[in-house]
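Student: compute the structure for the input listed below.
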Amino acid sequence: MCRERTAVKKIREILRYKFAHKLSNERIALSLNISKGTVHNVLKRFEECKLEWPLKEDLCDTQLEKQLYGSSEPRSLSLDQIDLSYIEEELQKPHVTLQRLFEEYQVSHPDGVGRSRFYDYVGKSLGKKIVMKITHKGGDILYVDYSGDSLEYVNRATGECIAVELFVCSWGASSHSYAECTATQTVEDFVASHDRAFQYFGAGPHALVPDNCKSAVSKADRYDPVINPLYTRFAQHYNTTVIPARVRRPRDKAVVESNVLHIQRFILARLRNRTFFSLSEINAALRVELELFNDRPMKDYGNKSRRERFDELDKPNALPLPSERFTINRIKQNVSVAPNYHIRFEDHYYSVPHQYARCKVDIYKCDSTIEIYYDNKHLCRHLYSSSKYQYSTVKEHMPQEHQYVKGWSKSYFLEQGKKIGPATMEVIKRTLDRHQHVQQGFNACMGILRFAQVYSKERLEKACERALYFNTAFGSHIKAILDQKLEQAPIATITSSTETNSNSDHENVRGEKYYQIEMELTNA
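Tutor: Now for the predicted structure:
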């Protein structure tokens, strides 16, 4: 029999999975994205060659291929023995598959062509795609997809119609399904829908089969797809694996594709004339219809419902759920720790021990907690803060006497400001003194010093003089002065009556100078 040769690297993986990890042929095929027939063929050839595992270290790929397949010269094959008219007629009969016809062909023609060649020849000759029926094992695979059609709700305040996404997942053996609507298809909503589905089923699958959406797969590839980090951690938490369907191959997840269509016709059709005013209202109505859908008898399965088949086939063989639910809401990997030993996450700054400045860390948002890891080891945690551009600094993370690693310190920035001029140094000093922890002002100081490269040292010094006069020594004000070239304009004389006004001496009163520069910036 003739088969397309399997790459030697994949042959070595098949042998390693079989003999070192004791995996079944089916699991090997799923892991390596190949057919079970290929796995069986390689193992059969390995046995016939009487090779031993582990392979000898000096056995190169060329020698291994030669022992398994022999000569590389193609054998001449005859396809005249295949009766295409008979095959086409038999395929129209119930329960007859191409696999059955191939087995009959093998009996009558033991020296005929192999299975792959047989399938390829018949498929091309009949002008249509021949597919095999997949036999699903109980508790093995949960298929995942989004529906192209969904529902919408009306915003009571604005009257706007807001569309939502319909998430659907189905078990391979029983077709027992879960469905819900979410605001988006982001990875956070995608993983949260999985978690609620697992709680609904009360069990987890051995494998998840999504399509190649960005929420599941960061980088699609036929042989080595990159799974989204948050989705990967979710799978690790529930001790399952992720096996994405091939790109543009909906038959790889035909179960959920079919159930999406059934749910559209059974549930969406029932809810088509209802008006909803929130996402929670939609999901409440959807849950009622979902129960009816799963309890509906199926004629092709002896009038058993999806729920009955799930309790009989999938649930006894599925994975038990861990005691704790998955709590990670978001993952951000390879985040650089700034020289001031803070990391930025959702526009807020969190400290890490100063020894890890300039290192790469991973950030996990778990409900109201931020967990930070370095080299897969836990460093610290913070309470999540939604305050934009503010700092959360733990005192123990700070170096002694505020001396900063890698050469950054308060004296360093004051010295850099002094090189430009006394006004710039004073602005730097005020910027550092403004923060509770001196390190929190380092980034702001760097931004101010950078103006010297963009606009020149002379212009920056004059702009700082003007900002100090008007008591607005902030980076944003200095940048506005430089952009509008106000540092060249003369400073207006302030009347003595204003200067001697006792009310303006209070530290919380900005005074006329402040509003004078505001008017200058506005009218420039």
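Student: the stretch 251-400 of the chain: strands as residue ranges?
Tutor: Secondary structure of the stretch 251-400 of the chain, counting by DSSP state E, counting those that start in this stretch: strands at 297-298, 304-305, 328-336, 342-345, 348-351, 360-366, 369-374, 377-383, 391-392.
Student: so which of these is the most surrounded?
Tutor: strand 348-351 (a mean of 22; mean count of other C-beta atoms under 10 Å). For every residue, glycine as well, the C-beta is placed using N, CA and C.
Student: helices or strands up against that strand?
Tutor: In terms of contacts (3 or more C-beta pairs under 8 Å, 6 or more residues apart in numbering; DSSP states H and E), strand 348-351 is packed against strand 342-345, strand 377-383, strand 391-392.
Student: closest one to residue 443 among those strands?
Tutor: Of all the helices and strands packed on strand 348-351, the one in closest proximity to residue 443, counting by C-beta to C-beta, is strand 342-345 (8.5 Å).
Student: which helices and strands sit right next to that closest one?
Tutor: Applying 3+ C-beta pairs under 8 Å, 6+ apart, we find strand 342-345 packed against strand 328-336, strand 348-351, strand 360-366.
Student: need the CA coordinates for that strand. CSV is fine.
Tutor: Extracted in CSV, the C-alpha atoms of strand 342-345 (Å, rounded to 0.1, in the frame of the first residue of the first chain):
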residue,chain,number,x,y,z
HIS,A,342,7.1,50.6,38.9
ILE,A,343,5.0,48.8,36.2
ARG,A,344,2.2,50.4,34.3
PHE,A,345,-1.1,48.5,34.1
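Student: now do the helices in the stretch 1-150 of the chain.
Tutor: Ranges of helices in the stretch 1-150 of the chain, per DSSP state H, counting those that start in this stretch, are 8-15, 25-32, 36-48, 61-69, 84-91, 98-108, 115-126.
Student: any chance of the ones you listed in CSV, plus mean neighbour count, mean pLDDT and distance to residue 378?
Tutor: Putting those into CSV (neighbours: other C-beta atoms under 10 Å; pLDDT from 0 to 100; distance: least, C-beta to C-beta, whole Å) gives the following:
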stretch, mean neighbour count, mean pLDDT, distance to residue 378
helix 8-15, 17, 83, 33
helix 25-32, 18, 85, 30
helix 36-48, 17, 86, 40
helix 61-69, 15, 79, 42
helix 84-91, 14, 79, 59
helix 98-108, 15, 85, 52
helix 115-126, 16, 82, 50
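Student: JSON lines for those helices, including distance to residue 139?
Tutor: What follows is the helices of the stretch 1-150 of the chain, written out as JSON lines (distance: least, C-beta to C-beta, whole Å):
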{"stretch": "helix 8-15", "distance to residue 139": "25"}
{"stretch": "helix 25-32", "distance to residue 139": "14"}
{"stretch": "helix 36-48", "distance to residue 139": "19"}
{"stretch": "helix 61-69", "distance to residue 139": "35"}
{"stretch": "helix 84-91", "distance to residue 139": "32"}
{"stretch": "helix 98-108", "distance to residue 139": "25"}
{"stretch": "helix 115-126", "distance to residue 139": "29"}
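Student: coming back round to it: which stretch in the helices and strands packed on strand 348-351 has the least confidence?
Tutor: Lowest mean pLDDT within the helices and strands packed on strand 348-351: strand 391-392, at a mean of 86.
Student: what's the helix or strand for residue 479?
Tutor: Using DSSP states H and E, residue 479 maps to helix 475-483.
Student: tell me what that helix is packed against?
Tutor: Judged by 3+ C-beta pairs under 8 Å, 6+ apart, helix 475-483 is in contact with helix 442-455, helix 457-469, helix 512-523.
Student: mean confidence for the second one?
Tutor: Summarised as a single mean, pLDDT over helix 457-469 is 90.
Student: can you pull the buried residues of it?
Tutor: 459-468 (16 or more other C-beta atoms under 10 Å).
Student: kindly state the pLDDT recorded for residue 521?
Tutor: pLDDT, residue 521: 55.
Student: before we move on, the earlier item: now the strands of the stretch 251-400 of the chain as JSON lines including distance to residue 151?
Tutor: Shown next, in JSON lines, are the strands of the stretch 251-400 of the chain (distance: least, C-beta to C-beta, whole Å):
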{"stretch": "strand 297-298", "distance to residue 151": "25"}
{"stretch": "strand 304-305", "distance to residue 151": "24"}
{"stretch": "strand 328-336", "distance to residue 151": "25"}
{"stretch": "strand 342-345", "distance to residue 151": "33"}
{"stretch": "strand 348-351", "distance to residue 151": "35"}
{"stretch": "strand 360-366", "distance to residue 151": "29"}
{"stretch": "strand 369-374", "distance to residue 151": "34"}
{"stretch": "strand 377-383", "distance to residue 151": "36"}
{"stretch": "strand 391-392", "distance to residue 151": "40"}
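Student: how near is the closest residue in space to residue 267 that isn't next to it in sequence to residue 103?
Tutor: Distance criterion C-beta to C-beta, 6 or more residues apart in numbering; nearest residue to residue 267, sequence neighbours excluded, is residue 289 at 4.3 Å. Here residue 289 is placed at a distance of 44 Å from residue 103 (C-beta to C-beta, to the nearest Å).
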